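[1] here is a sequence together with a model predicted from it:
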Amino acid sequence: MDAKRTSIAVRWFLFTMAGAFFCFVGGCGGAGSANQGRHKVFRIAVIPKGTSHDFWYSVHAGARRADEEFDEVEITWSGPESEANTARQIEIVEGFIANGYNAICLAPLDAVALRKPVEQAMANGIPVVIFDSALADDGGIVSYVATNNYRGGTVAGNYLAKLLDAKGNVILMRYAVNSESTEQREQGFLDTIKKHPDLKILSSDKHGGPDEQSAIELAENLLTDFGEQVDGIFCPNQSTASGTLTVLDRDTRGLAGKVKFVGFDSGEHIAQGLKSGTLYATVLQDPVQMGYDAVRVAYEHLQGKEVPRRVEVPETLATRENLDEPRIQALLYPAADE
């Protein structure tokens, strides 16, 4: 950032000496764009749940695309490394409030705990766009940009029921308490499975947690307890799905491929699971579009435009059958920025 500002200052001096009048303003803090010729810059903070999952790299790519497209936008990308660190995410929000940012785009780690800093932002005249995962109370926010997560869960439930001919034993590995997006997926899945009386849920109250290692540990425990009984599994996000794939792939009882496994989200391990046959399907989001739309909506609001209260990013089911289609490949391997 300092180097960029120095470059701008040099150019200002040269153009001034030449008798021309130009205004150069620095580009995207933390995102690397170089937008020039601005008269006013809207500084927009983009705060993901974490910065270690592939999903967030792709959200970052979408936010950068918006930064590069809109001359008056300057984004700053900052989030906790771990999706377990709610306190750190709150600190980051408070830091952007203290620095007087024009808008905040936030994917709240905790639907309840992040409400207070969001209220603080709004009280300071900073509009807030929520993306990916909702707040328990969304009063006063500009817009909510996300996949219809409940519907995504029903898509997974319907496909698993089809794979099992609507009979058998099923495990749901949950993600984390108060993660609204995954809780909606889990509820959509459970409501769908319960429509089939011959499908029995063996376990649905265990949480894999915010990282893949904790998901591996839970998957090992669940397959130790239910391995010979389980016919189907659903995992509602990248880390739980990838961790369960690891455990199935190293299982010595031949469960990999035998158990009908449906996941959620993309990632290299998930794509490989589809190719190998261990994973039967995954519900894909479009994280690049999500990041772009969150910034776009915030920018349009700052311009005084009317924006929708809800912006849905479509979900898509990737299966073994459609794996090689270009639209599926684009979502399995979305653009990514670290």
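    Looks like it came in fine. Residues are numbered from 1 along each chain as shown.

[2] from here on, just use CA atoms for contacts and neighbour counts.
    Fine.

[3] how about the strands in this structure?
    Assigned by DSSP state E, the chain shows strands spanning 42-47, 73-77, 103-106, 128-131, 143-146, 168-172, 199-203, 232-234, 260-264, 281-284, 310-312, 316-319.

[4] who does the last one pair up with?
    Counting by DSSP bridges, the strands paired with strand 316-319 are strand 281-284 (antiparallel).

[5] only alpha carbons, please: show the strand it pairs with as CSV.
    Output of strand 281-284 as CSV, limited to C-alpha atoms (Å, rounded to 0.1, in the frame of the first residue of the first chain):
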residue,chain,number,x,y,z
ALA,A,281,-22.3,-35.6,-5.5
THR,A,282,-21.7,-32.1,-4.1
VAL,A,283,-23.8,-29.0,-4.0
LEU,A,284,-21.8,-26.2,-5.5
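
[6] now that strand, how far from the centre of its chain.
    Computed by CA atoms, centre = their mean, to the nearest Å, the chain-centroid distance of strand 281-284 equals 14 Å.

[7] also stretch 47-56?
    7 Å.

[8] mind listing what's buried along that stretch?
    Under the neighbour-count criterion of 16 or more other CA atoms under 10 Å, stretch 47-56 has 47-51, 53-56 buried.

[9] want to throw those into TSV with pLDDT and distance to F226?
    Formatted as TSV, the buried residues of stretch 47-56 follow (pLDDT from 0 to 100; distance: CA to CA, whole Å):
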residue	pLDDT	distance to F226
I47	98	39
P48	98	35
K49	97	32
G50	96	32
T51	94	33
H53	88	29
D54	90	30
F55	94	30
W56	96	33
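
[10] JSON lines please, covering these and showing distance to K260.
    Shown next, in JSON lines, are the buried residues of stretch 47-56 (distance: CA to CA, whole Å):
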{"residue": "I47", "distance to K260": "35"}
{"residue": "P48", "distance to K260": "31"}
{"residue": "K49", "distance to K260": "29"}
{"residue": "G50", "distance to K260": "29"}
{"residue": "T51", "distance to K260": "30"}
{"residue": "H53", "distance to K260": "25"}
{"residue": "D54", "distance to K260": "24"}
{"residue": "F55", "distance to K260": "24"}
{"residue": "W56", "distance to K260": "27"}
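
[11] now, the most widely separated pair of the residues you listed?
    Across these, the longest distance by CA to CA is 15.1 Å; it joins I47 and D54.

[12] how about residues contacting stretch 252-269?
    Contact with stretch 252-269 is made by 54-55, 156, 160, 163-164, 227, 230-238, 241-242, 245, 248-249, 277-285, 331-333, as judged by CA atoms under 8 Å, 6 or more residues apart in numbering.

[13] in stretch 196-214, what's buried?
    Neighbour-count burial for stretch 196-214 [16+ other CA under 10 Å]: 199-203, 206-214.
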